[in-house]
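Trainee: the following block contains a protein sequence and its predicted model.
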Amino acid sequence: GENVEQHPSTLSVQEGDSAVIKCTYSDSASNYFPWYKQELGKRPQLIIDIRSNVGEKKDQRIAVTLNKTAKHFSLHITETQPEDSAVYFCAAADSSYKLIFGSGTRLLVRP
Amino acid sequence: ETGVTQSPTHLIKTRGQQVTLRCSSQSGHNTVSWYQQALGQGPQFIFQYYREEENGRGNFPPRFSGLQFPNYSSELNVNALELDDSALYLCASSLGQGNGYTFGSGTRLTVV
């Protein structure tokens, strides 16, 4: 079955700097890759997603890149703000759309 | 447009008991998935329902079962509760499969 690995497990950046979180997946049939942000005690919230027919997608300060050949995808947050502090999860899904999540990255943005 | 709502928000059960968790999907969403999130970990897929049929199951024992109703709301039932079942149980809904899933706030289950 699918396995998703996520790195780093914790990331601390200065406000205004960029943050990059990386994930790898094992199943070449996976074709949908969402990213979720989860604040303490709250629900995971979809922040951006990408499908396998696209290499990059941007939404304001957030971007996701996908390398199908290498089976990895990354989340890029530019001009980080303290409110970006949260746990971020990547996930992968195949045509069954069962989401397999990574283990999460705790992002801390220092003011 | 209403979001995904789950009930109850918190629950304490004794080992060996049974529990039913409920989920109302977002208006118009016909697909519901359930996830178990242990503390400090990513959500683990339990199963998914599409138009009242289970169409995917993760690596969970048969004592985890579910239902989806004609209005697309859903239940998660867990029998013979074990201490390791203590977790946040999340429900997510979407319009069809493969579209963005919206998560509910979850039910925090504690088994003592």
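Mentor: The structure has been received and is ready for your questions. Numbering: from 1, shown residues only, chains lettered A, B, ... in the order given.
Trainee: let's verify the residue of chain B at minimum distance from chain A: helix, strand, or coil?
Mentor: With C-beta to the nearest C-beta as the measure, B:Gly42 is the residue of chain B nearest to chain A, at 3.5 Å. C-beta here means a position set from N, CA and C on the backbone, and glycine is covered the same way. Under DSSP: H, G, I helix; E, B strand; the rest coil, the three-state class of B:Gly42 is coil.
Trainee: what about it, how many residues close to it?
Mentor: Applying other C-beta atoms under 10 Å in any protein chain shown, we find 22 residues neighbouring B:Gly42.
Trainee: list the contacts for it?
Mentor: A:6, A:89, A:91, A:101-104 (C-beta atoms under 8 Å, 6 or more residues apart in numbering or on different chains).
Trainee: quick check: closest non-adjacent residue to it.
Mentor: Spatially, and ignoring its direct neighbours in sequence, B:Gly42 is nearest to A:Phe101 (3.5 Å; C-beta to C-beta, 6 or more residues apart in numbering or on different chains).
Trainee: follow-up on the earlier one: from A:Ser30, how far off is the residue of chain B closest to chain A?
Mentor: 15 Å (C-beta to C-beta, to the nearest Å).
Trainee: and the residue nearest to B:Gly42, what does it touch?
Mentor: Contacts of A:Phe101 by C-beta under 8 Å, 6+ apart are A:4, A:36, A:89-91, B:35, B:42-44.
Trainee: again with B:Ser65
Mentor: Contact analysis of B:Ser65 by C-beta under 8 Å, 6+ apart lists B:76-79.
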